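Asker: Fold the stuff below for me.
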Amino acid sequence: MDYKVIKENFTVPSRLGGGVSQQSVELDYILPDYYPEIFKVLNVRILPSISARTLSGTKLEYEMTAKIRLNYVSESGEICAAEQVLTYNRSAELTSSAKSPKISITPYTESASCRVSGKRRADIRGIISVSATATADEARQAVSEASGDGLQLKKTLVTYPSKRIAVTKRITVVDEVELGASKPAVRTVIRADAAVITADKKILSGKLLTKGEAEVSLLYVPEDGTSKAENIRFAVPFSQISDVEGLDERYDVMISASVSDCEIKPSGKNGNNSLSCELNIEINCLAMRFESVLIATDAYSTMYESSLEMSEEDIECVPQEISESCKTKASLTYYDGEIVSVMCAGAEVGRIDVMNSADGVSIRGRITYFAYAENESGKPIYLEGTDEFEKKLPDGATNCSIDAHATVAQSAYKLTSSNAMEISADIRIKGYLFGCKSSRFISGITVDEASPLDKDCDIAMKLYYAEKGEEPWDIAKRTHTSLLAITDENNLTEEALSEPKMILIPIVD
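Answerer: Have a look, this model is predicted:
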């Protein structure tokens with residue numbers, strides 16, 4: 001064998017398993033003696049989060065907590081809140097093990113309901129869906145060089161992720177927030193929502209510095225018991241320095257930060273009118289190092305019959321950062337009377353998915369609109385409704401997956417009648433879009449040295465009339481000569497002919 005083939009290694013994304021599973025939530029809740037009796041349930045929320053996870057070989061184990069918050073009205077008309085935390089240990093089997101896989105586990109509440117079975121007893125039911133995915137790099141080989149036996153190669157430049165580092169860090173941020181003289185002290189927290197609004201990163205001497213800000217929105221019953229429910233918003237800064245083995249400036253670093261748990265309690269520290277705010281923030285870091293390589297997409301021999309082994313793979317592109325927003329609105333109706341005043345109205349985003357279609361890529365999600373209000377009798381009421389939203393991404397993205405979070409940047413409401421209101425919400429979508437490009441390449445070449453090509457060696461040159469759009473490579477391959485011989489002889493510099501042309505074809509031995 002007088003020819004030599006050199007192959008280049010590159011990587012393609014490989015899905016190690018995962019999917020969507022469901023966890024039922026069942027709680028027969030009995031109120032402690034120090035809570036007022038239940039007169040009417042306002043709403044129940046199930047807030048799931050992943051508190052821990054481990055990967056051993058192919059077994060992914062994780063712990064999920066479900067915080068259940070029950071808001072109800074006592075017989076005296078006071079809004080009360082009770083809370084219980086359930087813990088679930090779950091596992092998933094991956095198809096294979098890998099070094100530093102990217103693991104994403106996202107729980108979201110599908111449904112939550114409550115049935116009162118006594119003045120101090122509530123039967124709470126719900127369903128939590130858990131989306132778990134694991135991906136890693138899988139090695140592939142493609143022909144990059146070949147010599148001998150008149151082998152000719154057509155090459156293309158491919159950019160691929162040569163190395164990947166995926167880590168998850170969890171931090172706890174505790175902050176004291178002063179309410180100030182204009183706000184009464186907190187007695188009962190009705191609702192507390194928190195979301196990361198900014199998250200920046202920087203690489204310093206192999207360490208990853210992450211800093212940002214979370215925003216907390218709070219609805220509470222004042223301590224004096226006579227004032228109406230109060231709203232307050234405040235920001236909580238956070239920062240984290242993490243050791244990430246192998247990380248340096250050659251990597252493209254993508255981070256996402258989200259609040260997995262928010263705990264708000266009255267503080268009264270040093271006699272001040274203040275709150276104790278504790279946030280659990282999950283920071284996911286994905287660092288990818290991209291390299292480029294020339295690989296062969298076509299080949300032939302000028303001397304012998306040859307055959308090619310072709311392969312096709314989806315090669316991961318450099319992720320695109322997403323920073324999009326969209327506006328939504330919905331109407332809520334109170335059917336048992338009139339809405340006199342509104343304590344708080346807003347929206348929250350549930351699960352989001354990426355939708356690939358012939359029209360492009362869209363992000364689709366579910367949004368829940370809610371309102372705490374008072375009726376004509378001065379009694380607290382709760383209204384809720386769900387809807388879907390969709391945001392089309394800019395053209396150019398295909399065959400994509402998404403790692404993003406959607407939060408409500410701001411919301412507003414207006415009463416449209418005596419018993420109806422309209423809530424509008426601005427949704428902010430931040431994260432990364434992971435796209436793939438399908439590439440066809442040569443994974444092997446075989447030259448049959450026992451089958452030489454028929455050539456008329458008495459002829460030094462042939463004439464060929466080429467049509468507009470023909471490629472010199474195709475002409476060279478069809479006539480069993482080298483591409484360099486044709487381009488040099490005819491002074492060709494373009495990949496495809498811009499006009500019909502007479503081509504001189506040298507006969508190459």
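
Asker: Quick check: buried residues in whichever strand or helix holds residue 428?
Answerer: According to DSSP states H and E, residue 428 maps onto strand 420-452. Across strand 420-452, burial judged by 16 or more other Cβ atoms under 10 Å covers 421-425, 427-436, 439, 441-443, 445, 447. All C-beta spots, glycine's among them, are computed from the backbone N, C-alpha and C.

Asker: again with stretch 30-50
Answerer: Residues of stretch 30-50 classed as buried: 31, 36, 38-39, 41-50 (neighbour count, 16+ other Cβ under 10 Å).

Asker: same check, this time on stretch 334-349
Answerer: For stretch 334-349, burial by neighbour count (16+ other Cβ under 10 Å) applies to 334, 339, 342-349.

Asker: Looking at those, which are in helices?
Answerer: Nothing among these maps onto helices, per DSSP state H.

Asker: surely residue 87 meets residue 63?
Answerer: Yes - counting by Cβ atoms under 8 Å, residue 87 touches residue 63, with 6.4 Å between them.

Asker: Give me the common contacts of these two.
Answerer: Common contact partners of residue 87 and residue 63 (Cβ atoms under 8 Å, 6 or more residues apart in numbering): residue 51.

Asker: between the two, who's got more neighbours?
Answerer: Taking neighbours as other Cβ atoms under 10 Å, residue 87 and residue 63 compare with residue 63 leading, 14 against 9.

Asker: Return the set of residues that bridge with the more buried one.
Answerer: For residue 63, the beta-bridge partners under DSSP bridges are residue 52, residue 89.

Asker: what sits against it?
Answerer: Contacts of residue 63 (Cβ under 8 Å, 6+ apart): 50-53, 87-90.

Asker: again, 7 Å this time
Answerer: Residues near residue 63 by Cβ atoms under 7 Å, 6 or more residues apart in numbering: 51-52, 87, 89.

Asker: Most neighbours among these, please name it.
Answerer: Neighbour max across these (other Cβ under 10 Å) = residue 51, 16 neighbours.

Asker: would you turn the buried residues of stretch 334-349 into a markdown table with distance to residue 451 and pLDDT?
Answerer: Output for these, formatted as a markdown table (distance: Cβ to Cβ, whole Å; pLDDT from 0 to 100):
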| residue | distance to residue 451 | pLDDT |
| --- | --- | --- |
| 334 | 85 | 96 |
| 339 | 87 | 95 |
| 342 | 85 | 93 |
| 343 | 86 | 92 |
| 344 | 81 | 92 |
| 345 | 79 | 94 |
| 346 | 75 | 94 |
| 347 | 71 | 95 |
| 348 | 70 | 94 |
| 349 | 64 | 92 |
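
Asker: Which single one of those residues is nearest to residue 506?
Answerer: residue 349 (65.8 Å; Cβ to Cβ).

Asker: in which helix or strand would I find the nearest residue in space to that closest one that is not next to it in sequence?
Answerer: Using Cβ to Cβ, 6 or more residues apart in numbering and skipping the chain neighbours, the partner closest in space to residue 349 is residue 406 (4.3 Å). Using DSSP H and E, residue 406 falls within strand 400-417.

Asker: Repeat that for residue 477.
Answerer: Assigned by DSSP H and E, residue 477 belongs to helix 472-479.

Asker: Can you verify residue 77 is assigned to a strand?
Answerer: No - checked against DSSP: H, G, I helix; E, B strand; the rest coil, residue 77 lies outside a strand; its state is coil.

Asker: just to revisit the earlier point, pLDDT (mean, whole number) over the strand holding residue 428?
Answerer: Mean pLDDT, computed over strand 420-452, is 91.

Asker: Direction included, what does the helix or strand that that strand is followed by pair against?
Answerer: Counting by DSSP H and E, the next helix or strand C-terminal to strand 420-452 is strand 461-466. Applying DSSP bridges, strand 461-466 is found paired with strand 501-506 (antiparallel).

Asker: picking up where we left off before, the helix holding residue 477 - contacts with which helices or strands?
Answerer: Helix 472-479 sits against strand 461-466, helix 483-490, with contacts defined as 3 or more Cβ pairs under 7 Å, 6 or more residues apart in numbering; DSSP states H and E.

Asker: tilt between it and strand 501-506?
Answerer: Relative orientation of helix 472-479 versus strand 501-506 (axes from the mean of the first three to the mean of the last three Cα atoms, to 10 degrees): 50 degrees.

Asker: what comes into contact with helix 472-479?
Answerer: Outside helix 472-479, the residues within contact range by Cβ under 7 Å, 6+ apart are 152, 154, 300, 462, 464, 466, 482-483, 486-487, 492, 503, 505.

Asker: can we see that at 8 Å?
Answerer: With contacts defined as Cβ under 8 Å, 6+ apart, helix 472-479 is touched by 152, 154, 298, 300, 462, 464, 466, 482-483, 485-487, 490, 492, 495, 497, 503, 505.

Asker: Which helix or strand in this protein has the lowest average pLDDT?
Answerer: strand 461-466 (a mean of 84; mean pLDDT, DSSP states H and E).

Asker: CA-only coordinates of it, as PDB, when you get a sec.
Answerer: Extracted in PDB, the C-alpha atoms of strand 461-466 (Å, rounded to 0.1, in the frame of the first residue of the first chain):
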ATOM      1  CA  MET A 461      -4.000  18.100 -22.600                       C
ATOM      2  CA  LYS A 462      -7.700  17.900 -23.100                       C
ATOM      3  CA  LEU A 463     -10.200  20.600 -23.800                       C
ATOM      4  CA  TYR A 464     -13.400  20.900 -21.900                       C
ATOM      5  CA  TYR A 465     -16.200  23.400 -22.200                       C
ATOM      6  CA  ALA A 466     -17.500  24.100 -18.700                       C
END
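
Asker: quick one: residue 407 and residue 347 touch, right?
Answerer: No - in this structure, residue 407 is not within contact of residue 347 by Cβ under 8 Å, at 10.0 Å.
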